[in-house]
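In: Let's see this in three dimensions:
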Amino acid sequence: DSGAGSLRAAMAAASPGDTIQLSLPLSSEILLNSPLAVTKDVTIKDVNNVGWAGLVLNGQNAVRVLDVNAGVTLTIMHLVIRNGSASGDGGNIRNLGTLVMSDSNVLGGNATGNGGNIYNAGTLVISGTWIQGGTAAAGGGIANAAGGRMTLVSSELSQNTSSDGGAISNDLSSATLRSVSIRLNYVFGVGVNPTGGILNSSGTVLIYNGTIQSNQGRGLTYLGGFVRLHNTILAFNGQNCGGTAPTDDGNNLDSANSCGLNVGAPAYSRINTDPLLLPDWSGSPINTGSPAIDAGQNAFVVDNPVDSWGKPRIINGLVDIGAFEFPEPVVCAGAFLPGDPVYQRVLPGDPPNALATGEGSLVHYRVIPFHSVTAIYALSMRGSVDGFYTLYGLPSFFSSPFNPASPLDNALQAVDDSIGLNPAMTRTLIQGWSYALVASTHANGATGAFTDTSTGPIPLNDYVNNCVGVATPTPTSTSVPSTATPTP
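Out: Residues are numbered from 1 along each chain as shown. Got it, this is the predicted structure:
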């Protein structure tokens with residue numbers, strides 16, 4: 001915290017405009033005994049953890065971490081700011097100047113006044129940052145105070161708590177949110193306007209492609225100034241909206257009917273509609289089949305090309321409603337070759353209950369083992385040869401569900417793919433299970449190229465990794481007998 005080589009000493013020695021590069025091992029911490037005062041323009045970045053938050057500045061639940069003076073600019077990259085505490089405003093950060101933060105985390109701040117994690121009365125620009133666990137009288141996550149100007153991009157606020165705006169309080173100030181997730185924030189007590197999400201008392205709030213979901217009390221309260229919504233989801237809060245109805249600029253979605261949305265032209269918003277979110281997954285992306293997919297208006301995302309996870313904001317030509325874009329399908333390409341192993345494939349069905357018999361039943365096959373989150377996925381196969389694919393599953397993370405010597409064991413569903421039809425199986429996969437997609441030819445001895453495709457809310461990374469070479473696993477003795485075929 002002090003002395004030669006410390007961050008505090010580097011900040012004191014820096015000239016205006018200097019960059020301080022921190023190079024410490026992953027998850028190193030600087031334990032602070034007093035706030036770091038920013039009195040000149042400076043950039044602080046962790047050069048060892050480019051792309052995610054790394055080095056920790058820790059207030060030890062005793063002191064504020066950063067104090068940005070009026071008239072100066074602080075730029076932060078790849079840092080974790082946490083466990084700050086203040087008697088007054090700004091538990092982790094108090095910004096009276098200009099603060100630009102990217103690819104960072106601000107966690108666990110506590111203030112007796114406003115702004116548990118961040119208090120802003122200057123200019124605040126945040127991107128790619130997670131703001132969690134702040135506690136304050138107002139604005140547990142962020143208090144945007146009188147005169148404050150705030151822009152949040154591709155970030156998330158969760159598990160923050162206050163009596164006025166668990167995630168954000170906005171008062172005599174302006175806030176613009178683009179691809180921001182506001183979820184699972186809380187309120188102290190009941191109060192007049194209990195709002196776990198965003199409380200706008202008398203300022204300006206513009207929300208583009210937001211997701212305000214599962215917050216205690218209200219998701220959004222609008223008491224004065226004005227609030228405008230674009231391509232935004234409000235879902236499953238205690239009450240989605242309260243106070244004055246926000247201005248509906250189009251393509252919004254209310255899981256109930258408390259936000260006064262316009263369902264006809266020109267807004268074409270939706271009420272009483274389940275957006276099919278994944279509530280147990282950080283950020284709450286949309287699930288397969290969500291009405292939010294490809295239902296937004298592209299004009300609202302010109303200034304923000306990425307979603308809350310930093311992925312492309314427009315896929316398949318049309319932006320989705322909400323903070324997250326439904327990802328592109330994952331495609332695995334392979335080929336059936338002479339000399340590949342053969343097995344006796346199962347008949348189509350859900351679950352299959354018999355082996356194929358007769359000509360073509362002994363067929364070439366390839367296996368893609370993978371794991372999943374609990375979500376709905378569509379799986380399909382297409383090839384230059386008539387094909388067939390079967391999904392196997394086993395409620396064990398470390399076991400192979402597929403045994404070619406006993407092909408009915410753990411078989412969940414099988415689909416017959418004739419050339420050009422490309423039928424898909426749609427199924428809820430379960431986190432903690434092991435899966436295998438077995439692609440095979442339709443006729444004995446047939447060879448040719450094929451592609452397997454998975455479409456779902458979270459890319460199946462090990463599906464991609466195991467696609468290379470499409471290796472066939474060695475049979476194990478851990479398969480469940482066919483009399484106990486799982487039915488997720």
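In: the helices in the stretch 151-300 of the chain, which residues?
Out: Along the stretch 151-300 of the chain, no segments are classed as helices by DSSP state H, counting those that start in this stretch.
In: Any regions of it where pLDDT drops low?
Out: Filtered on pLDDT under 70, the stretch 151-300 of the chain yields the residue ranges 190, 280-284.
In: let's see it at 80
Out: Scanning the stretch 151-300 of the chain for pLDDT under 80 picks out 189-192, 279-284.
In: Find the nearest non-adjacent residue to I376, please.
Out: Leaving aside its sequence neighbours, I376 sits nearest to T288 (Cβ to Cβ, 6 or more residues apart in numbering; 3.9 Å). Backbone N, C-alpha and C define where each C-beta goes, glycine included.
In: I'd guessed N117 sits against S104; true?
Out: No: with contacts counted by Cβ atoms under 8 Å, N117 stays clear of S104, the gap being 11.3 Å.
In: When these two are compared, which one has more neighbours?
Out: Under the criterion of other Cβ atoms under 10 Å, the comparison of N117 against S104 puts N117 first, with 33 against 26.
In: Roughly how far does the more buried one sit from D409?
Out: 51 Å (Cβ to Cβ, to the nearest Å).
In: what does S163 give?
Out: As judged by Cβ to Cβ, S163 and D409 stand 57 Å apart.
In: Have a look at those two and say which one is more surrounded.
Out: Set S163 next to D409 and count neighbours by other Cβ under 10 Å: S163 wins out with 21 against 18.
In: isn't that one right next to A137, touching?
Out: Yes: taking Cβ under 8 Å as the definition, S163 is a contact partner of A137 at 6.0 Å.
In: can you list residues touching both of those two?
Out: Common neighbours of S163 and A137, counting by Cβ atoms under 8 Å, 6 or more residues apart in numbering, are absent.
In: Tell me the buried residues in stretch 447-461?
Out: 450-458, 460 (16 or more other Cβ atoms under 10 Å).
In: And the average pLDDT for that stretch is what?
Out: The pLDDT scores in stretch 447-461 average 84.
In: mind listing what the residue nearest to I376 touches?
Out: For T288, the contacting residues are 276, 326, 375-378, 426, 455-457, by Cβ under 8 Å, 6+ apart.
In: Check L460 too.
Out: Residues in contact with L460, defined by Cβ under 8 Å, 6+ apart, are 330, 370-372, 377, 454.
In: In helices, which of those residues appear?
Out: Within the contacts of L460, no residue falls in helices by DSSP state H.
In: Sort the residues you listed by pLDDT and name the bottom one.
Out: Note: of these, the lowest pLDDT belongs to V330, at 85.
In: number of nearby residues for it?
Out: Neighbours of V330 under the rule other Cβ under 10 Å: 18.
In: Identify the bridge partners of the residue nearest to it when sequence neighbours are not counted.
Out: Closest residue to V330 apart from its sequence neighbours, by Cβ to Cβ, 6+ apart: S454 at 4.8 Å. Beta bridges link S454 to V330, L379 when assigned by DSSP bridges.
In: all strands for the stretch 201-350 of the chain, in order.
Out: Ranges of strands within the stretch 201-350 of the chain are 204-208, 211-213, 218-222, 226-230, 233-235, 239-243, 247-248, 253-254, 314-315, 318-319, 330-336, 342-344, based on DSSP state E, counting those that start in this stretch.
In: quick one on the thing from earlier: now the common contact residues for N117 and S104.
Out: Looking at what touches both N117 and S104 (by Cβ under 8 Å, 6+ apart), the common residues are I81.
In: The residue nearest to V330 contacts P329, doesn't it?
Out: Yes: taking contacts as Cβ under 8 Å, S454 lies within contact range of P329: 6.6 Å.
In: any idea how far F326 is from L277?
Out: Going from L277 to F326 by Cβ to Cβ gives 12 Å.
In: Which neighbours do these two have in common?
Out: With Cβ under 8 Å, 6+ apart as the test, L277 and F326 both reach 285-286, 290.
In: between these, which is closest to L184?
Out: Set against L184, the nearest of the shared contacts of L277 and F326 by Cβ to Cβ is P285 (14.4 Å).
In: In the shared contacts of L277 and F326, which residue is surrounded by the most others?
Out: Taking other Cβ under 10 Å as the neighbour criterion, P285 ranks highest of the shared contacts of L277 and F326 with 29 neighbours.
In: how would you label D462: helix, strand or coil?
Out: Following DSSP: H, G, I helix; E, B strand; the rest coil, D462 is assigned to helix.
In: ok, for it, nearest residue in space, not its chain neighbours?
Out: F370 (5.0 Å).
In: Then Q239?
Out: Nearest one to Q239, counting by Cβ to Cβ, 6+ apart, is R218 at 4.8 Å.
In: what do you get for L184?
Out: S158 (4.9 Å).
In: quick one, what contacts the one you found?
Out: 130-132, 167, 181-185, 282.
In: Any figure for the gap between it and V106?
Out: Applying Cβ to Cβ, the value for S158 to V106 is 12 Å.
In: repeat for D409
Out: Distance, D409 to V106, by Cβ to Cβ: 49 Å.
In: now P459
Out: According to Cβ to Cβ, P459 stands 27 Å off from V106.
In: Equivalent analysis for Y343, please.
Out: Applying Cβ to Cβ, the value for Y343 to V106 is 53 Å.
In: ends of stretch 409-423, how far apart?
Out: 23 Å (Cα to Cα, to the nearest Å).
In: For it, give the mean pLDDT please.
Out: Regarding stretch 409-423, the rounded mean pLDDT is 77.
In: what sits against the closest residue to P194 other than its chain neighbours?
Out: Among residues not flanking P194 along the chain, G217 sits closest, at 3.5 Å (Cβ to Cβ, 6+ apart). Applying Cβ under 8 Å, 6+ apart, we find G217 in contact with 166, 186-187, 194-197, 237-239.
In: who wins for most neighbours among the residues you listed?
Out: For the contacts of G217, the largest neighbour count, defined by other Cβ under 10 Å, is 36 neighbours, found at G166.
In: Surely that one is in contact with Q216?
Out: Yes: here G166 reaches Q216: they are 6.8 Å apart, a contact under Cβ under 8 Å.
In: okay, and the common contacts of these two?
Out: In contact with both G166 and Q216: 185-187, 196, using Cβ under 8 Å, 6+ apart.
In: Out of those residues, name the ones that lie in strands.
Out: Within the shared contacts of G166 and Q216, residues falling in strands by DSSP state E are 186-187, 196.
In: Could you tell me how far stretch 159-179 lies from the centre of the chain?
Out: 20 Å (Cα atoms, centre = their mean, to the nearest Å).
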